[in-house]
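Provide a 3D model corresponding to the input given below.
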Amino acid sequence: MTTTAVSAPGKVLLAGGYLVLDPAYSGVVVSTSARFYTSVGDLDEPASVAAAKADRPIEIRVRSPQFVNATWIYVVTFVDEAVRVEQVAGNTSSSKNKFVHLALQRTLSLALEARGTGALQNSLGYGLDITIVGDNDFYSQRAQLAAKNLPPTLASLAELPPFCQTSVQLADVHKTGLGSSAALITSLVSSLLVHLRVIPRDSFAGDAEGGIASASEGRKLAHNLAQYAHCLAQGKVGSGFDVSAAVFGSQLYTRFDPEVIAPLMNDDAAVKLHPSISPSNNAWNHRVKPFKLPPLTRLMLADVDAGSDTPSLVGKVLKWRKEDSKTADDLWDTLDKVNHAFSKTLLKLSDLYAQDTKAYTKAVKYLSTLQTVQWLVNPNISGGDQEIMEAFAEAHQYSEDIRAKMREMGKLSGVPIEPQEQTDLLDACVFGAGVIGGGVPGAGGYDAIWLLVLDPENCPHEELPSSRIEGVWAGWKGMDVSPLSASESVAKGVRLEDVAGVKGLKGLVDAPW
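So this is what the prediction gives:
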């Protein structure tokens, strides 16, 4: 049986919250080591000749084994040069999954346009067996840790099995805000495009280091289709930074014009997709510039209490921007300048590392023992060492400026972008030695926090800034803080996987229905 497995990373929007909705502004997006995996295999031939002659329908079976009753069976039919994907009534699951259903429907429609009815039917064979799972960090693991009497620490998370059972239905799971729906859609669409031979298997070979400029046509097509399917499932055209990060990895992102997929948003399955979705369509005007966090730094993430309702937060902020446009535009312009300065400084640090690795490594070791207010007070610092330390100090100041402007936006719009409880927690974290900065990702609210800390080489674990931060989280009384094990993704964007090479995946894929 031919199997195609593809993974796509989650995301953290470090800077550009709300602004990234407007093509006049950009966002700083980091892709995470937490990934969604989709495995697509061929359904076996019928056991008997009689069954084969019975004109067995083409089935697509989809399961998400981390959840209760998360199986969906669809039947594929070809009518009047179109393909239909319909869920089977009386399925073992009473629920519907709009994201999976629309991704299947639209990917098969595009495959039909690209390959024709006969070729697509041959590729589908008797049907497809699809397994979709997400790394543990996409969902709160509080219940799993409590069941094992484990404290909420990184060490405890490492003891949990991969693709942990949530013991709840999909609709009831507590997400951590890493962009699970975008990563899911991207992995599903990409795996289907490869499996159905719409794009070559090497479309995702190598990392997307150069963003769009160096990407294969297959990767670009996967991006455009995933953006469209994700928007259709959400019922609106979002900013798209989450899907873009899933496809291309960490980046400086500027959104595409919503008009590029507007003609396809009416849920008409008969509309031709390729003219709009094709990478040759110049209306796809999004910009993706490569970005990475500086060497010897570590992104730390934590899940705090219950997640916020992102659509309602966004709606209120956009309503305020429309009603008080002069104040809002001035604030957004100022915030945009700080966002750019922040990303530019972080990229500069990578350059400084390349120019003098020894001096950079030494500076990180030194700064990791000091609070940021002490970083520039040593009179013996000079030359290259001073430039490196000044760059780290600037990154800290810019991150604090971003937080201040986001809080101002929250106050003016009446939206809890950085609620006081999170302000207190972040202040306590940023006050610690070796912490560059932090904030609330994306739209903010009671969802998560991120921190960027120094990560010196050859340092005892208890002396690492990350270890001290864990101590702050463990003893925090104001909110329930549970760390996530994810960091920045080493691999850039969507990639082809070997099922046997991903711990815990093969057992789930091979398990009987």
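
which element follows the helix or strand of the chain with the lowest mean pLDDT toward the C-terminus?
In the chain, no helix or strand scores lower on mean pLDDT, DSSP states H and E than helix 49-53, which sits at a mean of 48. As assigned by DSSP states H and E, the chain's next helix or strand after helix 49-53 is strand 58-63.

what's that next one packed up against?
Secondary-structure packing of strand 58-63 (3 or more C-beta pairs under 8 Å, 6 or more residues apart in numbering; DSSP states H and E): strand 71-79, helix 98-115, strand 127-134. Placement of C-beta: from N, CA and C, glycine included.

most tightly surrounded among the ones you listed?
Most buried of the helices and strands packed on strand 58-63 by mean neighbour count (mean count of other C-beta atoms under 10 Å) is strand 127-134; its value is a mean of 24.

identify the residues contacting it?
Here strand 127-134 makes contact (C-beta atoms under 8 Å, 6 or more residues apart in numbering) with 34-43, 58-66, 76, 100, 163, 180, 183-184, 187-188, 191, 195, 505, 508-509.

which ChimeraX command selects the buried ones in those?
A single ChimeraX command suffices to select whichever of the contacts of strand 127-134 are buried according to 16 or more other C-beta atoms under 10 Å:
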select :34,35,36,37,38,39,40,41,42,43,58,59,60,61,62,63,64,65,66,76,100,163,180,183,184,187,188,191,195,505,508,509
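
can you report how many residues lie near residue 499?
18 (other C-beta atoms under 10 Å).

the stretch 201-350 of the chain: strands as residue ranges?
Secondary structure of the stretch 201-350 of the chain by DSSP state E, counting those that start in this stretch: the strands cover 251-254, 287-290, 297-304.

looking at those strands, which is nearest to residue 112?
Of all the strands of the stretch 201-350 of the chain, the one in closest proximity to residue 112, counting by C-beta to C-beta, is strand 287-290 (28.7 Å).

and that closest one, which residues are buried?
287-290.

dump the residue contacts of residue 367.
Residue 367 touches 375, 389, 392, 434, 454, counting by C-beta under 8 Å, 6+ apart.

now, those that are in helices?
389, 392 (DSSP state H).

which pair of the contacts of residue 367 spans the longest distance?
389 and 434, at 12.5 Å, using C-beta to C-beta across these.

neighbour count winner among those two?
Comparing residue 389 with residue 434 by neighbour count (other C-beta under 10 Å), the higher total belongs to residue 434, at 29 against 20.

got a list of what that one touches?
Contacts of residue 434 (C-beta under 8 Å, 6+ apart): 367-370, 453-454, 456, 464-465, 468.

a markdown table for those residues, including distance to residue 400, secondary structure and pLDDT?
Converted to a markdown table, the contacts of residue 434 look like this (distance: C-beta to C-beta, whole Å; DSSP: H, G, I helix; E, B strand; the rest coil; pLDDT from 0 to 100):
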| residue | distance to residue 400 | secondary structure | pLDDT |
| --- | --- | --- | --- |
| 367 | 16 | helix | 96 |
| 368 | 19 | coil | 97 |
| 369 | 20 | coil | 96 |
| 370 | 16 | coil | 96 |
| 453 | 15 | strand | 98 |
| 454 | 16 | strand | 98 |
| 456 | 22 | coil | 97 |
| 464 | 22 | coil | 96 |
| 465 | 17 | helix | 97 |
| 468 | 19 | helix | 96 |
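
now the buried members of those residues.
367-368, 370, 453-454, 456, 464-465, 468.

just the closest of those residues to residue 223, please.
For these, the nearest to residue 223 is residue 453 (31.4 Å; C-beta to C-beta).

tell me the contacts of that closest one?
297-298, 300, 434-436, 465-466, 469.

same thing but 6 Å
Applying C-beta atoms under 6 Å, 6 or more residues apart in numbering to residue 453 gives the contacts 298, 300, 434-435, 465-466.

pick out the most distant pair among those.
Once C-beta to C-beta is applied, the contacts of residue 453 give 300 and 434 as the farthest pair, at 11.3 Å.

next, residue 28: phi, psi?
Backbone torsions for residue 28, taken as degrees, to the nearest 10, come to phi -100, psi 110.

just residue 135 next, same as before
phi -60, psi 160.

residues contacting it?
Contacts of residue 135 (C-beta under 6 Å, 6+ apart): 34-35.

cool, residue 109 as well?
Contacts of residue 109 by C-beta under 6 Å, 6+ apart are 83, 273.

tell me the pLDDT at it?
We have a pLDDT of 96 for residue 109.

same check, this time on the one 5 residues further on
pLDDT, the model's per-residue confidence, is 96 for residue 114.

doesn't residue 198 make contact with it?
Yes - using C-beta atoms under 6 Å, residue 114 is in contact with residue 198, at 5.0 Å.

what about residue 509, which helix or strand?
Assigned by DSSP H and E, residue 509 falls in helix 505-510.

mean confidence score for that helix?
So the average pLDDT for helix 505-510 ends up being 96.

with only the CA atoms kept, save it in PDB.
In PDB, the C-alpha atoms belonging to helix 505-510 read as follows (Å, rounded to 0.1, in the frame of the first residue of the first chain):
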ATOM      1  CA  LEU A 505       2.800   7.600  14.300                       C
ATOM      2  CA  LYS A 506       3.100   4.200  12.700                       C
ATOM      3  CA  GLY A 507       1.100   2.500  15.400                       C
ATOM      4  CA  LEU A 508      -1.800   4.900  14.900                       C
ATOM      5  CA  VAL A 509      -1.700   4.600  11.100                       C
ATOM      6  CA  ASP A 510      -1.600   0.800  11.100                       C
END
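
now that helix, how far from the chain's geometric center?
23 Å (C-alpha atoms, centre = their mean, to the nearest Å).

what ranges do the strands span in the stretch 351-500 of the chain?
435-439, 448-454, 481-484, 495-497.

hmm, who's touching the first one?
Right, the one you point to is strand 435-439. Under C-beta under 6 Å, 6+ apart, the answer for strand 435-439 is 395-396, 399, 403, 426, 429-430, 450-453, 465.

same list (those) but as a markdown table, adding distance to residue 218.
Below are the contacts of strand 435-439 laid out as a markdown table (distance: C-beta to C-beta, whole Å):
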| residue | distance to residue 218 |
| --- | --- |
| 395 | 36 |
| 396 | 40 |
| 399 | 36 |
| 403 | 39 |
| 426 | 41 |
| 429 | 41 |
| 430 | 42 |
| 450 | 32 |
| 451 | 36 |
| 452 | 33 |
| 453 | 37 |
| 465 | 40 |
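
widest-spaced pair of the residues you listed?
403 and 465, at 18.5 Å, using C-beta to C-beta across the contacts of strand 435-439.

return the most buried member of the strands of the stretch 351-500 of the chain.
strand 435-439 comes out most buried of those by mean count of other C-beta under 10 Å, with a mean of 26.

that strand vs strand 448-454, what angle?
Following axes from the mean of the first three to the mean of the last three C-alpha atoms, to 10 degrees, one obtains 160 degrees for the angle between strand 435-439 and strand 448-454.

strands paired with strand 435-439, and their directions?
The pairing partners recorded for strand 435-439 under DSSP bridges are strand 448-454 (antiparallel).

send the alpha carbons of the partner strand over as CSV?
Output of strand 448-454 as CSV, limited to C-alpha atoms (Å, rounded to 0.1, in the frame of the first residue of the first chain):
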residue,chain,number,x,y,z
ALA,A,448,-0.7,32.0,26.0
ILE,A,449,2.5,33.8,26.6
TRP,A,450,5.9,33.7,24.8
LEU,A,451,9.3,34.4,26.0
LEU,A,452,12.7,34.7,24.2
VAL,A,453,15.5,33.8,26.6
LEU,A,454,19.3,33.4,26.2
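
off-centre distance for it?
On C-alpha atoms, centre = their mean, the centre of strand 448-454 falls 16 Å from that of its chain.

that one vs strand 297-304, what angle?
160 degrees.
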